[in-house]
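> Here is my input; please provide its structure:
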Amino acid sequence: MIQNIGVRRLVSLDAFRGFTIAAMIIVNTPGSWDHVYAPLRHASWHGITPTDCIFPFFIFIVGISITLSYRKMLTAGRPKVALVGKTLKRAVLIFLIGIFLGLFPDFAFEEIRIPGVLQRIAVVFLVCALLYLYTSWQQQAIIGSALLLLYWVALIGVPVPGVGTGVLEPGKNLAAWIDSLLIPGTMWQGTWDPEGIVSTFPAIATGVSGMLVGKLLAIEDMLHERKVIWLYAGGLSAFLLGSAWGWVFPINKNLWTSSYVLYTAGLATMVFGSLFFIIEVLKYSAWAKVGLVFGANAITAYVIGGLLPELLGSLNTWYVQQFVEGDWAKAFSLIWAIGVCILCYIPIYVLYKKRIFIKI
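From the prediction side, this is the model:
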């Protein structure tokens, strides 16, 4: 559905969403995967890099958006039943777009992969939206905390057949074992998938963390400056708790461990707090134009970013042969990724200038 929207949006949230999508496109489209700077790679297993923060940042933003948009619709008198239908439709559509991107361009259905980035976003969006509609923010906080604690206990304490208890190695942990029983088709790494079923449960807690931040933002009689203080205080607390939890339950993006949820949610809250302060309090927003443009049509930008590398395959091969070699190989590989991001920006900018937002 395409809408012409004239109402004012939360500029800092659009900017945060847009910068996150731009970063996602850049890390997903290097000129050559053999030549990538370390911060632009995912951690091989335990540990974290800046790239590992991008996906949870986006899910965190989804959580904020749910609270703000659904609160507005309920205030306007929209019945919950109608919102449930709207939510289901949108979640299914996002999920199917994720499947399409995974199949494009060969459409080898015999190798279909059901999990994926958009698929996880769809599931988290659906669950979090329903939580918002039918629970209080206090109950949401309890549910999010329970998911993290239960996930920790399960992965550490439940024995895996043929492996043992407390093993967190690739393909040999409880999440991988359950996913192998439940997920049809192909998994990303053969014996395990970073967007599998089990690790989606703590990802829901990431969405809940964003919903709680949205609740703070929705308090009408609180000064923006005080909100910034709470954002920094809450973000720092989650970051420190996640860091400490990581001593006994390692920070791991592939497993989406509970420590990873708190660590990245804390970082996301503080990053957003900084954007909120600069843009909403200090009223400096001109510098964030790229983020605003990408953020206004984020899913559309992501889809274009997923299609372009396949469409540019021959050009990419030529570029790598000509430029991605020697001492400057990583730099030229990054330049290609930035170029893809700029190409994505062009149609998104046209939509932005026409005040058209494609609402999936």
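> Just the mean pLDDT for stretch 203-220, thanks.
Averaging pLDDT along stretch 203-220 gives 97.
> and if you look at stretch 129-139?
Averaging pLDDT along stretch 129-139 gives 98.
> so residue 164 bridges to which residues?
residue 160 (DSSP bridges).
> Tell me where the stretch 101-250 of the chain has helices.
For the stretch 101-250 of the chain, the helices defined by DSSP state H, counting those that start in this stretch occupy 117-134, 137-157, 174-182, 200-217, 224-245.
> Residue 40 contacts residue 27, correct?
Yes - with contact defined as C-beta atoms under 8 Å, residue 40 counts as touching residue 27 (5.1 Å). C-beta here means a position set from N, CA and C on the backbone, and glycine is covered the same way.
> And these two? Which one has more around it.
The residue with more neighbours, out of residue 40 and residue 27, is residue 27; 22 against 18, by other C-beta atoms under 10 Å.
> Could you give the number of residues near residue 239?
By other C-beta under 10 Å, neighbour count at residue 239 equals 19.
> pLDDT weak spots in this structure?
Low-confidence segments of the chain, defined by pLDDT under 70: 1-8.
> one step back: name the residues contacting each of residue 40 and residue 27.
By the contact definition C-beta atoms under 8 Å, 6 or more residues apart in numbering, residue 40 and residue 27 are jointly contacted by 51, 337.
> how about the strands in the stretch 201-350 of the chain?
In the stretch 201-350 of the chain, no strands are defined using DSSP state E, counting those that start in this stretch.
> hang on, the earlier thing: out of the helices of the stretch 101-250 of the chain, nearest to residue 284?
Between residue 284 and the helices of the stretch 101-250 of the chain, the tightest spacing by C-beta to C-beta is seen for helix 224-245, at 13.5 Å.
> angle of the closest one against helix 200-217?
Note on geometry: by axes from the mean of the first three to the mean of the last three C-alpha atoms, to 10 degrees, helix 224-245 and helix 200-217 are set 160 degrees apart in direction.
> Which positions in helix 224-245 come out as buried?
Neighbour-count burial for helix 224-245, counted by 16 or more other C-beta atoms under 10 Å, picks out 227, 228, 230, 231, 234, 235, 238, 239, 241, 242, 245.
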